[in-house]
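[1] here's a sequence, model it:
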Amino acid sequence: MSHAPVAALGLALSLALGSGAMAQPITQRFSADPSPHVFGDKVYVYATDDASNSGKYWDSTSWRLYSSVDLKTWSDDGAFLDVTVFKWARPDAKAWAPEAAAHNGKYYFYAPVGGDKIGVAVADRPEGPFRDAIGAPLVDKARDANAGDEPIDPQVLIDDDGQAYMLFGTRVPKIVRLGADMASLAGPIENLVVTGYPADDPKKKYGEAPFLHKRGGLYYFSFSTGWPGQIVYATSRTPMGPYAYRGVILDYLPISTNHQAIIERDGRWWLFYHDKLLPGGGDHRRSITLAPLSYGPDGAILPIERPPVR
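    Reported below is the predicted structural model:
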């Protein structure tokens, strides 16, 4: 496992990106679908490893990990896990957008495998080693009612009362309560409902990349509208919804997918996403970057102006 430091972001992202600031990838390796988390004194980003795919499809079979103490200088912590940790999975199954969570001193990794299952692995440290937590899929399209067309893009929110919720899915967003062990379902898989889409814009619909965060007692559900997609959001006073559409966070990018995540660090909020940033990049060779996220007095997320790229 490599621990070589990668290049620092060109501008101090601990300050707001100023006018004309250039978008900077956190690593010179093609990576996508960021799942950032503050564990201890570090930010860890679990990612899809685009550098190991064919360049023609999202067919990598391993996940990559990056870490930073300051959001400026990032360490490449290597391919910490691949699909073979799940003995029930095909060894060539696709490793898509991942998720992680910490609970009771353990670290859980939620892994979409092959486009039709979600596995869960557990470790004693954020970087692993991870082991299969239950020896079977946590969600299986062939087994579970209402798992949807593609049970992918898992994301987990642990609420203030300790209840964990997992979101996932394409085209129709799904939400399900997790058990106290973080490795079982504690209720039925339900559709997450968003109301109030703009009537004059048929492109405004759920596509993929569900993400739920909480701020000031309000739940924010953000997602991509499709392929390509905008990152938009809706809000609710309850985690299960329904959610009311609020607006756009990040406009279309020059690639066929987008995938966002939002974290708070030292009182500031950050949006992670992927874009076409490195030479040779494109739809299947993406790069992870981040930008400060701001809120209005009414709790609205202020749209991010995408910084120019080199």
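[2] list the residues that contact the spatially most central residue of the chain.
    Residue closest to the mean C-alpha point of the chain, counted by Cα atoms, centre = their mean, is S35 at 4.0 Å. By Cβ atoms under 8 Å, 6 or more residues apart in numbering, the residues touching S35 are V45, Y46, A47, A97, P98, E99, A100, Q155, A261. Just so you know, the C-beta spots here come from the backbone N, C-alpha and C atoms, and that holds for glycine as well.
[3] show me where the stretch 101-250 of the chain has strands.
    Counting by DSSP state E, counting those that start in this stretch, the stretch 101-250 of the chain has strands at residues 106-113, 117-123, 131-132, 139-140, 155-158, 164-168, 174-178, 190-191, 194-195, 208-215, 218-224, 231-236, 243-250.
[4] save those as JSON lines, and put in mean pLDDT, distance to A93 and mean neighbour count too.
    Below are the strands of the stretch 101-250 of the chain laid out as JSON lines (pLDDT from 0 to 100; distance: least, Cβ to Cβ, whole Å; neighbours: other Cβ atoms under 10 Å):
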{"stretch": "strand 106-113", "mean pLDDT": "98", "distance to A93": "5", "mean neighbour count": "24"}
{"stretch": "strand 117-123", "mean pLDDT": "98", "distance to A93": "8", "mean neighbour count": "23"}
{"stretch": "strand 131-132", "mean pLDDT": "98", "distance to A93": "14", "mean neighbour count": "16"}
{"stretch": "strand 139-140", "mean pLDDT": "98", "distance to A93": "13", "mean neighbour count": "20"}
{"stretch": "strand 155-158", "mean pLDDT": "98", "distance to A93": "20", "mean neighbour count": "20"}
{"stretch": "strand 164-168", "mean pLDDT": "98", "distance to A93": "16", "mean neighbour count": "23"}
{"stretch": "strand 174-178", "mean pLDDT": "98", "distance to A93": "20", "mean neighbour count": "22"}
{"stretch": "strand 190-191", "mean pLDDT": "98", "distance to A93": "26", "mean neighbour count": "14"}
{"stretch": "strand 194-195", "mean pLDDT": "98", "distance to A93": "30", "mean neighbour count": "17"}
{"stretch": "strand 208-215", "mean pLDDT": "98", "distance to A93": "18", "mean neighbour count": "21"}
{"stretch": "strand 218-224", "mean pLDDT": "98", "distance to A93": "23", "mean neighbour count": "23"}
{"stretch": "strand 231-236", "mean pLDDT": "98", "distance to A93": "27", "mean neighbour count": "22"}
{"stretch": "strand 243-250", "mean pLDDT": "98", "distance to A93": "30", "mean neighbour count": "18"}
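[5] for the ones you listed, which one sits closest to A79?
    Nearest of the strands of the stretch 101-250 of the chain to A79, taken as Cβ to Cβ: strand 106-113 at 13.1 Å.
[6] ok so, going back, identify the bridge partners of the residue nearest to the centre of the chain.
    Y46 (DSSP bridges).
[7] picking that back up, dump the strands of the stretch 101-250 of the chain into JSON lines; add distance to D59 as well.
    Formatted as JSON lines, these follow (distance: least, Cβ to Cβ, whole Å):
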{"stretch": "strand 106-113", "distance to D59": "13"}
{"stretch": "strand 117-123", "distance to D59": "16"}
{"stretch": "strand 131-132", "distance to D59": "22"}
{"stretch": "strand 139-140", "distance to D59": "21"}
{"stretch": "strand 155-158", "distance to D59": "22"}
{"stretch": "strand 164-168", "distance to D59": "20"}
{"stretch": "strand 174-178", "distance to D59": "24"}
{"stretch": "strand 190-191", "distance to D59": "29"}
{"stretch": "strand 194-195", "distance to D59": "31"}
{"stretch": "strand 208-215", "distance to D59": "17"}
{"stretch": "strand 218-224", "distance to D59": "20"}
{"stretch": "strand 231-236", "distance to D59": "24"}
{"stretch": "strand 243-250", "distance to D59": "26"}
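[8] ok, which of those strands comes nearest Q24?
    strand 243-250 (15.9 Å).
[9] about what we covered before: mind checking how far the residue nearest to the centre of the chain is from F211?
    9 Å (Cβ to Cβ, to the nearest Å).
[10] anything in contact with each of the two?
    Q155, A261.
[11] check contacts around W63.
    Y46, A47, T48, D49, A79, F80, L81, D82, A95, P98, F109, A111.
[12] for beta bridges, what are the partners of it?
    Using DSSP bridges, the beta-bridge partners of W63 come out as T48, L81.
[13] not counting sequence-adjacent ones, nearest residue to D160?
    Distances taken as Cβ to Cβ, 6 or more residues apart in numbering put K214 closest to D160, at 7.6 Å, once the chain neighbours are dropped.
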